[in-house]
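*Asks:* sequence below, structure please.
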Amino acid sequence: MQAEKISRENIRTFVMKFYAKIIKDKTVGPFFVAKLGDDMNSETWKTHLEVIVGFWTSLAFGSPKYRGQLFLPHTKLGDVKRETFEQWLKLFGETLDEVYVPKISNMFQERAQLIAGNFMRNLGIIL
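*Replies:* A predicted model of the protein is given here:
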């Protein structure tokens, strides 16, 4: 059943489902495996997932849960291409559609599109 309201719990559900897809994906997965390993139960992954839950919770509720530097870690990923971002966004949208009703899914997808566009511009990836 799709969530009709946003909560920290369903953001966590979304993040876990999304990264379970990411880690298996041939386009995006290698970037995450190279930095975090291939075991989502490791402490490294748990820390990362908590940061991501905090980030999306902050965006959803406007609360200061995320205090990191969003762009900086992405400058160290290596050869990220437009296709990498497109696949990330595709998986992101698919997972949102599984977890949330369309209104909420679309809101998160719009935010993700803006963030991805900014990242690509900052990384010098042609839009």
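*Asks:* can you pull out the helices in this protein?
*Replies:* Assigned by DSSP state H, the helices in the chain fall at 8-22, 29-36, 43-61, 82-99, 102-123.
*Asks:* contact partners of the fourth one?
*Replies:* It refers to helix 82-99. Outside helix 82-99, the residues within contact range by Cβ atoms under 8 Å, 6 or more residues apart in numbering are 2-3, 10, 13-14, 17-18, 21-22, 25, 27-28, 31, 104-105, 108-109, 112-113, 116, 119-120, 125-127. Yep, even glycine has a C-beta here, placed from its N, CA and C like the rest.
*Asks:* now the buried members of those residues.
*Replies:* 3, 10, 13-14, 17-18, 21-22, 25, 27-28, 31, 104-105, 108-109, 112, 116, 119-120, 125 (16 or more other Cβ atoms under 10 Å).
*Asks:* for Lys35, grab the count of nearby residues.
*Replies:* Applying other Cβ atoms under 10 Å, we find 13 residues neighbouring Lys35.
*Asks:* same deal with the one 4 residues further on?
*Replies:* Summarising burial for Asp39: neighbours were counted as other Cβ under 10 Å, giving 11.
*Asks:* and the spatially closest residue to it that is not a sequence neighbour, what does it touch?
*Replies:* The shortest distance from Asp39 to any non-neighbouring residue, by Cβ to Cβ, 6 or more residues apart in numbering, is to Trp45 (6.6 Å). By Cβ under 8 Å, 6+ apart, Trp45 lies in contact with Tyr19, Leu36, Gly37, Asp39.
*Asks:* mind checking the pLDDT average for stretch 6-19?
*Replies:* Averaging pLDDT along stretch 6-19 yields 97.
*Asks:* likewise for stretch 61-74?
*Replies:* Stretch 61-74 comes out at a mean pLDDT of 60.
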